[in-house]
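# Give me the fold of what follows.
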Amino acid sequence: MPPKASLWGRGSVRRTAESLETPAVRSGRATLDAAGAAPSSVGCLVLCSTRLPGGPRTHARLVQDVMSRLDLDDAAFTLNRCTNLLTGLRTAQALVAADRHRGVLVVTTDRMTDASQRMETFALFSDGAASALGSAWGEPAA
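Numbers count the residues shown, from 1 in each chain. Okay, here's the model as predicted:
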């Protein structure tokens, strides 16, 4: 299958030269702003990505950069390597339901550095990020 977005019912394949962290921070900041939530109201960051550059020894820098740029100074974090946004959302739901954290920011970010990996069996990957803020039902996260 060719990496052609129209075959998959999509308008285009998104590509970026930005670091993996930059769209993650932009999306996380937009979500916090849209919710009117202060970074201090986030008790945990759930960071998801299909592929993370380097090995596990390099992932601390990625998490530190995202958390620092989002001003999540006192938040815990969970790194979901090789999992998707749905898993991150379910993790956030469980953390809030278990009363572990009042606010949980979920950010997923991906960037394909190797164009040959953009197309896999039954999957066409774009670069981008998305995020959501979960909080205790009926309580504002801020």
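
# so where do the strands sit in this structure?
44-49, 76-81, 103-110, 119-120, 123-124, 128-135 (DSSP state E).

# Of these, which shows the lowest average pLDDT?
Comparing mean pLDDT across these, the lowest value falls on strand 123-124: a mean of 58.

# re earlier: hey, which of the strands of the chain is tucked in deepest?
With neighbours taken as mean count of other Cβ atoms under 10 Å, the strands of the chain reach their highest mean count in strand 103-110, at a mean of 27. For every residue, glycine as well, the C-beta is placed using N, CA and C.

# which stretches of the chain have low pLDDT?
For the chain, applying pLDDT under 70 flags the ranges 1-13, 81-83, 115, 117-125, 137-142.

# Tabulate the strands of the chain (CSV), appending distance to Ser19.
As requested, the strands of the chain are arranged in CSV below (distance: least, Cβ to Cβ, whole Å):
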stretch, distance to Ser19
strand 44-49, 12
strand 76-81, 16
strand 103-110, 9
strand 119-120, 23
strand 123-124, 22
strand 128-135, 11
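
# Determine which of those approaches Thr58 most closely.
For Thr58, the closest of the strands of the chain is strand 76-81, at 11.6 Å, according to Cβ to Cβ.

# Mind giving me the packing neighbours of that closest one?
Packing partners of strand 76-81 (3 or more Cβ pairs under 8 Å, 6 or more residues apart in numbering; DSSP states H and E): strand 44-49, helix 59-69, helix 85-97.

# what's near enough to touch Arg14?
Residues in contact with Arg14 (Cβ atoms under 8 Å, 6 or more residues apart in numbering) are 126-128.

# picking that back up, of the strands of the chain, which approaches Asp33 most closely?
strand 128-135 (10.3 Å).
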